[in-house]
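[1] Okay, sequence plus prediction incoming.
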Amino acid sequence: MAPTAPRAELTRAESLIREVPDYPSAGILFRDITPLLADGRAFRETVDALIAPFRGAFDVVAGLEARGFLLASAAAYASGAGLMPIRKAGKLPRPAAHVEYALEYGDAEVEAHADFPRGSRVLLIDDVLATGGTLVAAHTLLGELGYAAAGTAVLFEIAGLGGREAVGDPTLHTVFRS
Ligand SMILES: O=P(O)(O)OC[C@H]1O[C@H](OP(=O)(O)OP(=O)(O)O)[C@H](O)[C@@H]1O
Ligand SMILES: Nc1ncnc2[nH]cnc12
């Protein structure tokens, strides 16, 4: 696995995150990571930085639909771990667990298959932490499936919305924060 990039490289990657006011609704400052993903070097360095604290401590990477998939699949590939997609309700043919939750701009439901042995160590990855509703739901889902939380890694943490406190995971690692 690649070594973690120098801070200057990560600062450049962070500068690529675009702020979009009033999307998807009035009053929301949307953090758009697509320009960062469009830059191959920044994409690779941020994925490496996401998983660096958890090296050797997980068997599976779980990603939240949809933007979390982009990071989690790259992280799973880079680390040789399996990939667990946590999908919005109604997208999986044989969901084994289902959780409803609220996020910064709406409500949602997530589901997952039980394709890994109970006790598997799962690293949870998402792009943005806002209120924490999504990650709390994902942790509940992992618990219902009998998996062990190996850690939580997020690309961008929005401060001031209580997300870190809601998630309450001492391992929570965020590469960038507002
Ligand atoms: O901390 P929270 O308030 O829960 O918000 C964070 C979540 O919101 C976004 O997902 P969204 O459901 O908008 O899905 P998307 O990736 O399909 O855009 C983002 O990708 C996180 O998963
Ligand atoms: N402000 C925000 N920007 C991007 N994704 C989000 N998910 C929840 N709040 C968000």
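    Nice, thanks for sending it over. Ligands and ions are numbered 1, 2, ... in the order given.
[2] Beyond the lowest-mean-pLDDT helix or strand in the chain, next helix or strand please.
    Per-element confidence for the chain was summarised using mean pLDDT, DSSP states H and E. The lowest value among helices and strands belongs to helix 7-15, with a mean of 95. Towards the C-terminus, the helix or strand next in line after helix 7-15, according to DSSP states H and E, is strand 18-21.
[3] Check which residues of that following strand are buried.
    Of the residues in strand 18-21, none is buried under the neighbour-count criterion (16 or more other Cβ atoms under 10 Å). Bear in mind the C-beta positions are built from the backbone N, C-alpha and C, glycine included.
[4] repeat for stretch 75-82
    Applying a neighbour-count criterion of 16+ other Cβ under 10 Å, the buried positions in stretch 75-82 are Ala75, Ala76, Ala78, Ser79, Ala81.
[5] Kindly report the same for stretch 103-111.
    Using 16+ other Cβ under 10 Å as the burial criterion, the residues of stretch 103-111 that qualify are Leu103, Glu104, Ala108, Val110, Glu111.
[6] cool, and stretch 141-151?
    Result for stretch 141-151 [16+ other Cβ under 10 Å]: buried residues Leu141, Leu142, Leu145, Tyr147, Ala149, Ala150, Gly151.
[7] Now do the strands in this protein.
    Across the chain, reading from the start of the chain, the strands by DSSP state E fall at 18-21, 29-32, 60-64, 82-88, 97-103, 106-112, 121-129, 148-157, 173-177.
[8] how about the ones you listed, which one is nearest ligand 1?
    The minimum distance between ligand 1 and those falls on strand 97-103, with 3.4 Å, by Cβ to the nearest ligand atom.
[9] elements contacting the closest one?
    In this structure, strand 97-103 makes packing contacts with strand 106-112, helix 133-144, judged by 3 or more Cβ pairs under 8 Å, 6 or more residues apart in numbering; DSSP states H and E.
[10] Would you format these as TSV with mean pLDDT and distance to Thr34 included?
    What follows is the helices and strands packed on strand 97-103, written out as TSV (pLDDT from 0 to 100; distance: least, Cβ to Cβ, whole Å):
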stretch	mean pLDDT	distance to Thr34
strand 106-112	97	20
helix 133-144	98	19
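[11] what's the closest of these to Ala97?
    Closest to Ala97 of those, according to Cβ to Cβ: helix 133-144, at 4.1 Å.
[12] Show me which residues of the protein are close to ligand 2?
    For the chain, the contact set with ligand 2 under Cβ under 6 Å from any ligand atom comprises Ile28, Leu29, Phe30, Arg31, Leu103, Glu104, Val128, Ala130, Ile158.
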